[in-house]
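Participant: All I have is the shape, not the residue letters:
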């Protein structure tokens, strides 16, 4: 079974940091780009970042250098490091598997991990 499982979310104060993880199973992880998408309360999904199987990265403009995507193909895991958390970072963060490398179409989604930034 192809599966993605996110973890690492939580309640964090403004200015803090979080590292989200997404573990994949049931497929050859290094063959596929992976992406992070978030959904803020009351809003639609918003693309955050993506990384190719070889580690090339790209980010949404709003990231402003505060987010870092990375992957460890030996561990079948993609990460999203978020620093200097602001209130507008709050939302559910989902990882998704691309159907190939930079195909920008996703066939498997995780269940999401909640990030709440609050003082």
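Facilitator: Received, thanks. Everything numeric in this text was worked out from a predicted model, so none of it was measured. Numbers count the residues shown, from 1 in each chain.

Participant: my guess is residue 30 is in a strand, correct?
Facilitator: No: per DSSP: H, G, I helix; E, B strand; the rest coil, residue 30 lies outside any strand segment and is helix.

Participant: what about the most centrally placed residue in the chain, distance to residue 119?
Facilitator: In the chain, the residue lying closest to the centroid (CA atoms, centre = their mean) is residue 36, at 3.1 Å. With distances taken as CB to CB, to the nearest Å, residue 36 is found 25 Å from residue 119. The way it works is simple: take the backbone N, C-alpha and C, and place the C-beta from them, glycine included.

Participant: Check the residue nearest to the centre of the chain and give its pLDDT.
Facilitator: Each residue has a pLDDT score; the one for residue 36 is 98.

Participant: Report the spatially closest residue to it, excluding sequence-adjacent ones.
Facilitator: Counting by CB to CB, 6 or more residues apart in numbering, the nearest residue to residue 36 once its immediate chain neighbours are dropped is residue 48, at 4.3 Å.

Participant: May I ask you to confirm that that neighbour is in contact with residue 58?
Facilitator: No: taking CB atoms under 8 Å as the definition, residue 48 is not a contact partner of residue 58, at 10.1 Å.

Participant: quick one, which of the two is more surrounded?
Facilitator: With other CB atoms under 10 Å as the criterion, residue 48 and residue 58 differ in neighbour count, and residue 48 comes out ahead with 23 against 14.

Participant: Show me what secondary structure element comes after the strand or helix carrying the more buried one.
Facilitator: With secondary structure defined by DSSP states H and E, residue 48 is part of strand 45-51. Tracing the chain past strand 45-51, the next element assigned as helix or strand by DSSP H and E is strand 57-59.

Participant: Could you give the separation between the terminal residues of stretch 104-114?
Facilitator: According to CA to CA, to the nearest Å, stretch 104-114 extends 24 Å from its N-terminal end residue to its C-terminal end residue.
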